[in-house]
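Peer 1: Model the following, please.
(4 chains)
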2 protein chains.
Amino acid sequence: MPTHFKGSLKTIRSLNAFINLMRASESVIGRLQKRLSAEGLTASQFGALETLLHLGPLCQTELGKKLLKTDGNVTMVVNHLEKRGLVKRVRAGEDRRFVSVHLTPKGRALIQTIFPRHAGAIQEEMSVLSVSEQEKLRNLCRKLGRKNKMIKKEIIK
Amino acid sequence: MPTHFKGSLKTIRSLNAFINLMRASESVIGRLQKRLSAEGLTASQFGALETLLHLGPLCQTELGKKLLKTDGNVTMVVNHLEKRGLVKRVRAGEDRRFVSVHLTPKGRALIQTIFPRHAGAIQEEMSVLSVSEQEKLRNLCRKLGRKNKMIKKEIIK
DNA sequence: GTTCAATAGTTCTATATTAAACTAATATTT
DNA sequence: AAATATTAGTTTAATATAGAACTATTGAAC
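Peer 2: Next comes the predicted model:
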């Protein structure tokens, strides 16, 4: 699925790498989302529960940073999870602006059941790559992520 | 940003590769989306216009396949673009179920202006990787994509 | 210590997204 | 040829998402 754009070799090479990166992540995430949907969770809901399971209770802003989502978005996702009794909001005593989001026993049981299956599906997805290919992919992606942080710092400055 | 999950080495390696793939694509797409938003287009709208520019008029189902989006979604995106006068729907004569989506002169002018800037931004994003790293990334991502197609065929069978 | 600035969350608006139910047109089967 | 199945697109419902305006709380500066 190469680009049909006519441009310099350098540009075309960048676009091709970009397109394949997007296609790969979109198609993998698409299949995983279908699995999660069958378990009754959206990708964001799963991500929130998984983060709370592995990192413990977090305030919403922290949760948003981990999930790379906006504050308003986190409010929505936590609302849905709270309505289903999977998490609860706790006003932290010190600074009453903060809301600590906790897993309920029900939420913990659910994510502990689903997470291993999800991890298995991911392992299955990645199994088309050899061990060294997986490591290579990881390192290349980390470089793209590092650029991210540099740019953010520049913007903040 | 390694996983905090305790599992087998093989599982953890898969999860790490997966997480970095997702982070990289999300952070790159996030920055590009902000640029597009400043130009007045969403990512999907841009994708649709770009596809029509480089592949010519397409029916909505074909457009959806290119964009990896569902039919209902394409209807929405084309609605928005049509409302702004950037595309127009044309009933193809033969089979009256098909709607051919065309760029209008206005839409063509817009995407021809924005696309080179967007391509430049992508080139800038990918410039943290060397030429050979970009090729390597592309090939690894293509493998993940190929798995996709195999699975689809199996499901169809 | 009162005003101003920063922070945490919520709400609102607009668009995206999927899945499922639905309509219209065409193709297939008997 | 009539019944059935398939296909293209629309509509609807539920959730996601970003961004902007807003509230409430806390911190800083004068």
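Peer 1: In contact with the nearest residue to A:Leu81 once chain neighbours are set aside, which residues?
Peer 2: Distances taken as Cβ to Cβ, 6 or more residues apart in numbering or on different chains place A:Val87 nearest to A:Leu81, at 4.5 Å, with adjacent residues excluded. For glycine as for every other residue, the C-beta is placed from the backbone atoms N, C-alpha and C. Contact analysis of A:Val87 by Cβ atoms under 8 Å, 6 or more residues apart in numbering or on different chains lists A:Ala48, A:Leu49, A:Leu52, A:Val78, A:Leu81, A:Val101, A:His102, A:Leu103, A:Thr104, A:Gly107.
Peer 1: I'd like those residues as TSV, with secondary structure appended.
Peer 2: Putting the contacts of A:Val87 into TSV (DSSP: H, G, I helix; E, B strand; the rest coil) gives the following:
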residue	secondary structure
A:Ala48	helix
A:Leu49	helix
A:Leu52	helix
A:Val78	helix
A:Leu81	helix
A:Val101	strand
A:His102	strand
A:Leu103	strand
A:Thr104	coil
A:Gly107	helix
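Peer 1: List only buried entries from the residues you listed.
Peer 2: Neighbour-count burial (16 or more other Cβ atoms under 10 Å in any protein chain shown) is assigned, among these, to A:Ala48, A:Leu49, A:Leu52, A:Val78, A:Leu81, A:Val101, A:Leu103, A:Gly107.
Peer 1: Name the nearest of those relative to A:Asn20.
Peer 2: Closest to A:Asn20 out of the buried ones among the contacts of A:Val87 is A:Ala48 (29.3 Å), distances taken as Cβ to Cβ.
Peer 1: Secondary structure element holding the closest residue to the closest one other than its chain neighbours?
Peer 2: Spatial nearest neighbour of A:Ala48, excluding adjacent residues (Cβ to Cβ, 6+ apart): A:Val77 at 5.4 Å. Per DSSP states H and E, A:Val77 falls inside helix A:71-83.
Peer 1: Checking that helix against DNA strand D, do any of its residues make contact.
Peer 2: Yes: interface with DNA strand D: helix A:71-83 contributes A:Asp71, A:Gly72, A:Asn73, A:Met76, A:Val77, A:His80 (Cβ under 7 Å from any atom of the strand).
Peer 1: Check whether that helix comes into contact with DNA strand C.
Peer 2: Yes: interface with DNA strand C: helix A:71-83 contributes A:Asp71, A:Gly72, A:Val74, A:Thr75, A:Met76, A:Val78 (Cβ under 7 Å from any atom of the strand).
Peer 1: Selection in PyMOL covering whichever of those are buried, please.
Peer 2: Provided next is the PyMOL selection string for whichever of the residues of helix A:71-83 next to DNA strand C are buried by 16+ other Cβ under 10 Å:
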select buried, chain A and resi 74+78
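Peer 1: still on that earlier bit, make CSV out of the buried ones among the contacts of A:Val87 and add pLDDT.
Peer 2: CSV is the format used below for the buried ones among the contacts of A:Val87 (pLDDT from 0 to 100):
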residue, pLDDT
A:Ala48, 97
A:Leu49, 98
A:Leu52, 97
A:Val78, 98
A:Leu81, 97
A:Val101, 97
A:Leu103, 97
A:Gly107, 96
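Peer 1: Who are the contact partners of the most centrally placed residue in chain A?
Peer 2: Closest residue to the average C-alpha location of chain A: A:Leu67 at 5.2 Å, with Cα atoms, centre = their mean. Contacts for A:Leu67 (Cβ under 8 Å, 6+ apart) come out as A:Ser44, A:Gly47, A:Ala48, A:Thr51, A:Val74.
Peer 1: Contact partners for the residue lying closest to A:Gln60 once chain neighbours are set aside?
Peer 2: Spatial nearest neighbour of A:Gln60, chain neighbours left out: A:Val74 (4.7 Å); criterion: Cβ to Cβ, 6+ apart. Contacts for A:Val74 (Cβ under 8 Å, 6+ apart) come out as A:Ala48, A:Gln60, A:Thr61, A:Leu63, A:Gly64, A:Leu67.
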